[in-house]
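> Okay, here's the prediction I keep looking at, along with the sequence it came from:
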Amino acid sequence: MIELTGIPVIETERLRLRGPKLSDFEVWADCAASERSRFIGGPMDRGLAWRSFCHLTGHWVYRGFSTFIFADKVTDAPYGMAGPWFPEGWPEPEIGWTVWAAQAEGKGYAYEAARAARGWAYASLGWQTAISLIMPDNLRSQALAGRMDCSRDGDFHHATYGAMQVWRHPSPEQLQ
């Protein structure tokens with residue numbers, strides 16, 4: 001098995017943000033097959049879940065950044081993904097997040113991971129702004145965007161995913 005090298009590791013109080021590992025796939029596949037994935041293109045079968053999971057790796061290779069897997073700092077159990085994302089067809093670079101593990105919901109992990117990843121994107125990638133694209137019915141992600149001091153900044157229609165809300169992140173200067 002080949003492991004990606006050069007992906008930074010970010011540590012927060014409770015989490016380690018790192019590159020994807022093959023062992024993370026089972027947790028992702030369970031999430032992707034469930035109704036919990038309805039805001040990110042699911043539910044999906046294992047084949048589509050595998051392709052989706054491999055997008056994370058491809059993004060690191062071709063863009064030089066991607067969403068990090070956020071995992072328990074002690075056990076390395078993967079809880080979800082968060083971080084910079086800019087797939088083909090997106091209007092501009094995004095900070096995205098998804099909690100994979102049901103037991104990790106409602107504990108502030110996505111907030112902790114997304115803030116750390118946004119800080120990394122601003123400091124290491126030189127981003128001056130970012131958006132988060134959120135489905136209109138995804139109230140939990142909208143609440144998280146608000147907690148991250150994002151503001152609504154219009155709408156975006158994607159050919160596959162349909163209508164999405166654009167949430168604008170504050171600039172690095174606004175965060176100081």
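Right, received. Where do you want to start?
> what's the burial count for Gly106?
Neighbour count for Gly106, taken as other C-beta atoms under 10 Å: 10. The C-beta positions use only the backbone N, C-alpha and C, and glycine is treated the same way.
> That one in helix, strand or coil?
coil (DSSP: H, G, I helix; E, B strand; the rest coil).
> any idea how far Met164 is from it?
According to C-beta to C-beta, to the nearest Å, Gly106 and Met164 sit 23 Å apart.
> how about the helices in the protein?
25-33, 46-63, 109-124, 139-147, 172-175 (DSSP state H).
> Quick check: which of those helices is nearest to Ala82?
Closest approach to Ala82 among the helices of the chain is made by helix 109-124 (3.8 Å; C-beta to C-beta).
> Tell me the helices and strands packed up against that closest one.
strand 10-11, strand 15-18, strand 68-72, strand 78-85, strand 94-99, helix 139-147, helix 172-175 (3 or more C-beta pairs under 8 Å, 6 or more residues apart in numbering; DSSP states H and E).
> For that helix, give the mean pLDDT please.
Averaging pLDDT along helix 109-124 gives 97.
> just stretch 74-87 next, same as before
Stretch 74-87 comes out at a mean pLDDT of 96.
> now do the same end-to-end measure for stretch 20-28.
End-to-end span of stretch 20-28 (C-alpha to C-alpha, to the nearest Å): 11 Å.
> what do you get for stretch 97-110?
Using C-alpha to C-alpha, the end-to-end distance of stretch 97-110 comes to 6 Å.
> Likewise for stretch 140-155?
Termini of stretch 140-155 sit 18 Å apart (C-alpha to C-alpha).
> and that stretch, how far from the chain's centre?
Here stretch 140-155 is found 14 Å from its chain centre; the criterion is C-alpha atoms, centre = their mean, to the nearest Å.
> Over to stretch 75-82?
11 Å.
> Report the buried residues of that stretch.
Within stretch 75-82, the residues scored as buried using 16 or more other C-beta atoms under 10 Å are Pro78, Tyr79, Gly80, Met81, Ala82.
> Please consider this matter closed, and thank you.
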